[in-house]
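In: fold the following and give me the result.
(chains A and B)
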Amino acid sequence: MSALETAERPETLRRIAIDPVTRVEGHGKVTLLLDADNRIHQVRLHIVEFRGFEIFIEGRPYWEVPVAVQRLCGICPVSHHLAAVKAMDLIAGYSTLTPTAEKLRRLMHYGQMVQSHAVHFFHLASPDLLLGFDSEPTRRNIVGVATDHPEIATQGVLLRKFGQEVIRMTAGKRVHGTGAIPGGVNKTLTVEERDTLRRDIPKMTEWARGAVKMLEKLHLTNPNFYNRFGEFPSNMMGFVNSAGEMDLYHGGLRARDAKGAEIFDHVDYSKYNEVLQEEVKSWSYMKFPHIKSLGAENGWYKVGPLARVQVCDRIPSELAEAERQNLIAMGEGKPVHGTLFFHWARMIEALHAVEVVGQLLDDPDIIGTDLMSDKGDRREEAVGVIEAPRGTLFHHYRVGEDDLVKYCNLIVSTTNNNQAMNEAIRTVATQYLTGREITEGLLNHIEVAIRAYDPCLSCATHAIGQMPLQVELLDADGALVHRASKNMG
Amino acid sequence: MTDIPNTFNLDGEPIRFEPGETILQAALKAGHFIPHLCFSPEFKPHGSCKLCIVVVNNRTGSSCAMKALPGLEVQSDTPDLNHRRRTLLQMLFVEGNHFCPGCEKSGNCKLQALAYDLEMFNDHFTHFFQPREVDASHPDFFLDRNRCINCELCVRASRDVDGKDVFGLAGRGRNSHLVVNSPSGKLGDSTFAKGDKAAEVCPVGALLPKGQGFKKPIGARLYDNAPISQSFGVKEEV
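Out: Next up, the predicted model:
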């Protein structure tokens, strides 16, 4: 863990705030504390909004949860919808799904992967990568990209649209649909809908692959910069199926350390709290999870595209696996940890998602009508986990005999990346900012590092009741007169 | 003796009626929609929600409770009356806790459908955010008072059709709330059963069967394809 988390004498330092962090989902800010020589002593990513779904879902009927809880996000609601319904399947007594229901849910999920990755890369990240980190800030946005690279902007918009159409046809709406219900799904895919989507697969595959190639070229053009930007070693975690392949819908948890050695493998995700632990800190609404066996100091980890492409043994689709091999080769036998590799990995996943959507559309089960499975015994407690676009997403519920939710715990993808994002901005601050005159372009380097994680800050803040709080009373000279605190870690 | 035809004018259109019918009954039968919430043709009119307010010969009243008479001049679809209806809806929305995005009745809810139809674009008033009890004690149904609008359709159905008197209203003003006639006050201890008429009349999501939510996909729900003013003849499914 970096020494830049807490400065020794913050009252003597100058404070610079990036508030709000832009081109991310949700509201956050970064604070930097610098001395008179512009040397950096403290860097923190603060999440300044609060959602609190864990509490207000308590007391609601269990079948309402998959639809209600997805409202905590407008970018990847499908992930919350599906993670919640996976838990509620078990609570309601459905231990398996019909082949059609499972494939329709997978289709919805991989459609979302396409749209979310497309919106992040093309709309939010590409202005930095295509126009320059310190380019004119008024043009450093999607409008600037559309002006200078209209064909790329168009591809981004249409890739996203394709993913949204997959979601609409499986969930009823592009955003916040109702497709998955405990025990199955509520909507069939018609032959016309399937054929409409199928027609677009070749074009979408070409564009997603083009984006991967664009990122590969960027890294090869200036490897010292792109490979090393925000580079720091960390553990990594993600889903793999029983064969060790990437599976974004269902699997066991696998974690590797910074050198690629296995920490745990094929962990049943319903036992996540045997391997993971959450911690709270006084200066953020977002929790800090870590791998229990390694402790808070060394056990923090990365999730999301860069972790997933490196914890899996292979991607089970031809084009994406070939591209993954190109990325892996950059590490020359070791895992890569440069922050900008996230973008490359993300677009490899987008390509994989398009390939999977194509495979599912070719499967005759996808237009089946057997949507609900048979009901077995109810359970009181269940965990649903999914690999959301931003990383591993945990939903954990307990439901009473009266069908009302008694307990809810969410570990959201961005929460898993909390410490890693803080480490990334501290690394970038050390690499590019310390000792220099701070300019807007240099501050944007910090935002570039955060954006690479594609954080969804609104999703990630739920820890009501355990919020650490510290109030300090200082005299006119800055000396501490009184300090009161609660729930301080 | 002159033969006076049984017709009245609704917004300038002649409406035929049978003697004894109310203005609302005759209008709905003739295919003319007047917004309403607490009215159901199966029960005695109640006249409490006031959404079916009309102007009859320059006097206002609830069309569900006013007898149709020959030659009446009735105004319903006017900017002034629709503005008043919108205000009534806004008051209902802020009085209860109506979170349509997560509600399983969404798309099948009369309150929501009327709000769309009458172009209620915001709540206007400050929300009460009153804590209201959810009663999940019954094995087959649950009662979510957050969504109850005190229309008393379940009260009338239980009393007049089921002969059980399971439901009633208690409290006054903003404290009015639905109560259950059982030793504990819980639905699970009452004589209420899933086959009761009272189980199928709730116009909102207050009294619903358990474990059924969201089974109809978006696009196949009651008010997905046409506004309530054009689809009011469709039987609401539970």
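In: contacts only, for residue 140.
Out: Picked chain A for this. Under the criterion of CB atoms under 8 Å, 6 or more residues apart in numbering or on different chains, the neighbours of A:Arg140 are A:Pro127, A:Asp128, A:Leu131, A:Gly132, A:Asn444. Where C-beta positions appear, they are placed from N, C-alpha and C, glycine not excepted.
In: chain B, not that one
Out: Applying CB under 8 Å, 6+ apart, we find B:Asp140 in contact with B:Ala193, B:Lys194, B:Pro209, B:Lys210.
In: for the first one, the count of nearby residues, please.
Out: Residue neighbour count, defined by other CB atoms under 10 Å in any protein chain shown, stands at 14 for B:Ala193.
In: pLDDT wise, what is residue 35 at?
Out: With no chain named, the answer covers chain A. At A:Asp35, the pLDDT value in this model is 89.
In: oops, chain B please
Out: We have a pLDDT of 97 for B:Pro35.
In: and what about it, helix, strand or coil?
Out: Secondary structure state of B:Pro35, per DSSP: H, G, I helix; E, B strand; the rest coil, is coil.
In: next, work out how far apart it and A:Glu380 are.
Out: Noted for B:Pro35: a distance of 44 Å to A:Glu380, by CB to CB, to the nearest Å.
In: go on, B:Arg172?
Out: Taking CB to CB as the measure, B:Arg172 and A:Glu380 are separated by 40 Å.
In: now swap in B:Glu119 and tell me
Out: In this structure, B:Glu119 and A:Glu380 are separated by 45 Å, where distance is defined by CB to CB.
In: more crowded one of those two?
Out: For B:Glu119 and A:Glu380, the more surrounded residue by other CB under 10 Å is A:Glu380, and the numbers stand at 12 against 8.
In: tell me the confidence at that one?
Out: A:Glu380 is assigned a predicted lDDT (pLDDT) of 97.
In: what's the answer for A:Lys486, then?
Out: The predicted local confidence for A:Lys486 is 46.
In: mind checking what secondary structure residue 124 has?
Out: Answering for chain A, as no chain was given. Three-state secondary structure (criterion: three-state DSSP) places A:Leu124 in helix.
In: not quite, I wanted chain B
Out: B:His124 carries the three-state label coil when classified by three-state DSSP.
In: from chain B, how far out is A:Glu58?
Out: Summarising the geometry, the distance separating A:Glu58 from chain B, computed by CB to the nearest CB, to the nearest Å, is 11 Å.
In: which non-adjacent residue is nearest that residue?
Out: A:Val405 (5.4 Å; CB to CB, 6 or more residues apart in numbering or on different chains).
In: what pairs with whatever helix or strand the one you found lives in, and is each one parallel or antiparallel?
Out: Using DSSP states H and E, the element containing A:Val405 is strand A:405-411. Looking at strand A:405-411 with DSSP bridges, its partner strands are strand A:391-399 (antiparallel).
In: tell me how far the partner strand lies from the chain's centre.
Out: In terms of CA atoms, centre = their mean, to the nearest Å, the centre of strand A:391-399 is set 15 Å apart from its chain centre.
In: so who does the residue nearest the centre of chain A touch?
Out: Compute the mean C-alpha point of chain A, and by CA atoms, centre = their mean the closest residue is A:Arg390, 1.5 Å away. The neighbours of A:Arg390, taking CB under 8 Å, 6+ apart as the test, are A:Cys76, A:Ser116, A:Val303, A:Gly304, A:Ser413, A:Thr414, A:Asn417, A:Tyr453, A:Asp454, A:Pro455, A:Cys456.
In: of the residues you listed, which one scores lowest on pLDDT?
Out: Lowest model confidence among the contacts of A:Arg390 falls on A:Cys456, which carries 76.
In: show me the beta-bridge partners of that one.
Out: Bridge pairing for A:Cys456 (DSSP bridges) gives the partners A:Glu25.
In: what is the neighbour count of it?
Out: Other residues lying near A:Cys456 total 27 when counted by other CB under 10 Å.
In: from B:Phe43, how far out is the closest residue to B:Asn150 other than its chain neighbours?
Out: Taking CB to CB, 6+ apart, and ignoring the residues beside it in sequence, B:Asn150 has B:Ser176 as its nearest neighbour in space, at 5.5 Å. Distance, B:Ser176 to B:Phe43, by CB to CB: 19 Å.
In: for A:His250, same thing?
Out: 50 Å.
In: equivalent analysis for B:Arg86, please.
Out: Computed as CB to CB, the B:Arg86 to B:Phe43 distance reads 26 Å.
In: isn't A:Phe133 up against A:Gly441?
Out: Yes: if you go by CB atoms under 8 Å, A:Phe133 and A:Gly441 touch, sitting 6.3 Å apart.
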